[in-house]
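Q: got a sequence here, can you build the structure:
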Amino acid sequence: MTYCVALKLNAGLVLLSDTRTNAGLDNIATYRKMFFFEQPGERVIGIMTAGSLSVTQTTISRLREAIEDPEAGERHSIMKAHTMLGVVDIVGETLARTRHEIATQCAELKQSQASASMIVAGQRVGGDMRLFLVYPEGNHIEATEDTPYLQIGEHKYGKPILDRVVTPATSLEDAQKAALLSMDSTMKSNLSVGMPLDLAVIEKDACRVSAKRRIMKEDPQFAEMSHAWSEALRDAFVKMPL
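A: Modelled structure (predicted):
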């Protein structure tokens, strides 16, 4: 399983993903689910993936091939698209086509097993920061001021804290804490989501990845945050009137 979350704030974008992929209790592996495409100062695009590994890997590979193809134009290369909407349209079309081809080639494969979704975030110079969720069929929705975050994968456990604390005015530092605690709650409730974690920050108008961090299982900062959050919840529970 997977859990990825992205937050769109006035100050920038925060992206977080786990890396665990499993096809059964005895077949657990680590795969990166966060990818970046950037031309610093001109555009930055972050993509996070969930679902069928064959679908997501093939989709990312095709997006890379189009970038490297000198004949690919604005409708095929995410690095030549004029807007972030054009970028997400390319990602959606590529994802839907890849999903259909893989499901068709494997007659015994159910459509649900060839399903995948993606989060696309970024900014092009002169344009606004934008954040999209791309569905398996290729259509998409966009984050808004009312709901300034998007999730894919095992999202239900990490949603409550985001609903309670995140607004567009949330600082990048607090947003990182909220995203990490959202992931911590998910990992405690679902063993199919696991470390290492990939965390990235894109500051507004920077048009590049401003900070990137891989958090390993033994990371002391994350462990301290997880422990403090658990203690704070227990303390609040005890003090809560009946």
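Q: and for R62, the neighbour number?
A: Around R62 there are 17 other residues, counting by other C-beta atoms under 10 Å. C-beta here means a position set from N, CA and C on the backbone, and glycine is covered the same way.
Q: so what secondary structure elements neighbour whichever helix or strand it is part of?
A: Assigned by DSSP states H and E, R62 belongs to helix 53-68. On a contact count with 3 or more C-beta pairs under 8 Å, 6 or more residues apart in numbering; DSSP states H and E, helix 53-68 meets strand 34-39, strand 43-51, helix 84-105, strand 116-124.
Q: got the angle for it vs helix 84-105?
A: Inter-element angle recorded for helix 53-68 and helix 84-105: 130 degrees (by axes from the mean of the first three to the mean of the last three C-alpha atoms, to 10 degrees).
Q: buried residues in helix 53-68?
A: Going by neighbour count (16 or more other C-beta atoms under 10 Å), the buried part of helix 53-68 is L53, S54, V55, T56, T58, T59, I60, R62, L63, A66.
Q: again, but for stretch 178-186
A: For stretch 178-186, by 16+ other C-beta under 10 Å, it's A178, A179, L180, L181, S182, M183, D184, S185, T186.
Q: output the helices and strands packed on helix 53-68 in a markdown table; the columns should cover mean neighbour count and distance to E137.
A: A markdown table is the format used below for the helices and strands packed on helix 53-68 (neighbours: other C-beta atoms under 10 Å; distance: least, C-beta to C-beta, whole Å):
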| stretch | mean neighbour count | distance to E137 |
| --- | --- | --- |
| strand 34-39 | 17 | 21 |
| strand 43-51 | 25 | 12 |
| helix 84-105 | 19 | 6 |
| strand 116-124 | 26 | 10 |
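Q: where among the ones you listed is the average confidence lowest?
A: The weakest mean pLDDT among the helices and strands packed on helix 53-68 belongs to helix 84-105, with a mean of 94.
Q: helices or strands up against it?
A: Counting contacts by 3+ C-beta pairs under 8 Å, 6+ apart, helix 84-105 packs against strand 43-51, helix 53-68, strand 116-124, strand 130-134.
Q: worst-scoring helix or strand of this protein, pLDDT-wise?
A: In the chain, no helix or strand scores lower on mean pLDDT, DSSP states H and E than strand 28-30, which sits at a mean of 73.
Q: that older thread, which ones among the buried residues of stretch 178-186 lie within helices?
A: The members of the buried residues of stretch 178-186 that map onto helices under DSSP state H are A178, A179, L180, L181, S182, M183, D184, S185, T186.
Q: and the residues you listed as TSV, adding distance to K80?
A: Shown next, in TSV, are these (distance: C-beta to C-beta, whole Å):
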residue	distance to K80
A178	34
A179	31
L180	35
L181	38
S182	34
M183	34
D184	39
S185	40
T186	36
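Q: wait, is L191 part of a helix?
A: No: in this structure, L191 is coil, not part of a helix, as judged by DSSP: H, G, I helix; E, B strand; the rest coil.
Q: next, count neighbours for it.
A: Using other C-beta under 10 Å, L191 has 12 neighbouring residues.
Q: any idea of the pLDDT on it?
A: At L191, the pLDDT recorded in the model is 80.
Q: returning to that earlier point: quick one: which of the helices and strands packed on helix 84-105 is nearest C4?
A: Nearest to C4, of all the helices and strands packed on helix 84-105, is strand 43-51, at 4.0 Å by C-beta to C-beta.
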